[in-house]
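1. Give me a model of this one.
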Amino acid sequence: MKRLFIVFIALMLTIPSFAYAHDVPGTGGFMSGLSHPILGFDHLLAMLSVGILSAQMGGKAIWKVPATFVIVMLVGGVLGMEGVKMISVELGIAVSVLALGLSITIEKKLPAFIAMIFVGFFAVFHGFAHGVEMPYLAKPEYYALGFVVGTASIHIAGVVVGVFFQKIKDGQRLLRYLGAAIAGIGFYLIAM
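-> Residues are numbered from 1 along each chain as shown. Predicted coordinates:
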């Protein structure tokens, strides 16, 4: 795994267009796309929740559920870029925070396919929000790469949190409390 990471970094450094895909004010490149899911609190909570939920499910769901989110999020991004009309995007994102938080709290292991449909539904809203911003950016492909990397990284962090808490004493209960807190924030976002 460490070797794979080193090869990835070396490859990125040898491709100048990726190495220089950093943000210049007003251009909106890689760093802008990367920061959107990280700095957007609603996006951050939803992404963490997807990772935690997949860790609670275990097995192949650990990678299938987050991968489904990322793929469907890209589809939502394309819809946003193409100017497709979608109503209540912000509400959909807020509901995703509530629903994903509740899923962690309930801790009922869904079949992976059902969980993939569940997270995929919400991924459309998150991707659409990203995609609506892309056409106004000078480098939309770098922005898209940034928000995909940011989203996947947050999913991985959520998986790490989920796995860690499952290994410690009373960790399952703590995860349920965390899920309840996330759901509470989702409820607040909906009520705003």
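
2. Can you tell me which helices and strands the helix or strand containing residue 155 packs against?
-> Using DSSP states H and E, the element containing residue 155 is helix 140-167. Using 3 or more C-beta pairs under 8 Å, 6 or more residues apart in numbering; DSSP states H and E, the elements in contact with helix 140-167 are helix 30-39, helix 41-57, helix 61-81, helix 112-133, helix 171-191. Placement of C-beta: from N, CA and C, glycine included.

3. what's the most buried one of those helices?
-> Most buried of the helices and strands packed on helix 140-167 by mean neighbour count (mean count of other C-beta atoms under 10 Å) is helix 41-57; its value is a mean of 25.

4. Give me the helices and strands touching that one, please.
-> helix 30-39, helix 61-81, helix 89-106, helix 112-133, helix 140-167, helix 171-191.

5. Tell me how many other residues crowd residue 167.
-> Residues near residue 167, counting by other C-beta atoms under 10 Å, number 8.

6. Could you measure from it over to residue 174?
-> 11 Å (C-beta to C-beta, to the nearest Å).

7. One more: residue 166?
-> From residue 166 to residue 174 the distance is 10 Å (C-beta to C-beta).

8. By mean pLDDT, flag the weakest helix or strand of this protein.
-> helix 16-19 (a mean of 38; mean pLDDT, DSSP states H and E).

9. How about residue 97, nearest residue that isn't a chain neighbour?
-> Closest residue to residue 97 apart from its sequence neighbours, by C-beta to C-beta, 6 or more residues apart in numbering: residue 186 at 3.4 Å.

10. Isn't that neighbour up against residue 94?
-> Yes - between residue 186 and residue 94 a contact is recorded at 5.9 Å, counting by C-beta atoms under 8 Å.

11. which intervals of this protein have sub-threshold pLDDT?
-> 1-28, 135-138 (pLDDT under 70).

12. With residue 48 as the reference, name the closest of the helices and strands packed on helix 41-57.
-> helix 140-167 (4.2 Å; C-beta to C-beta).

13. List the buried residues of that closest one.
-> 140, 142-148, 150-152, 154-155, 158-159, 161-163, 165 (16 or more other C-beta atoms under 10 Å).

14. No further queries at this time; thank you.
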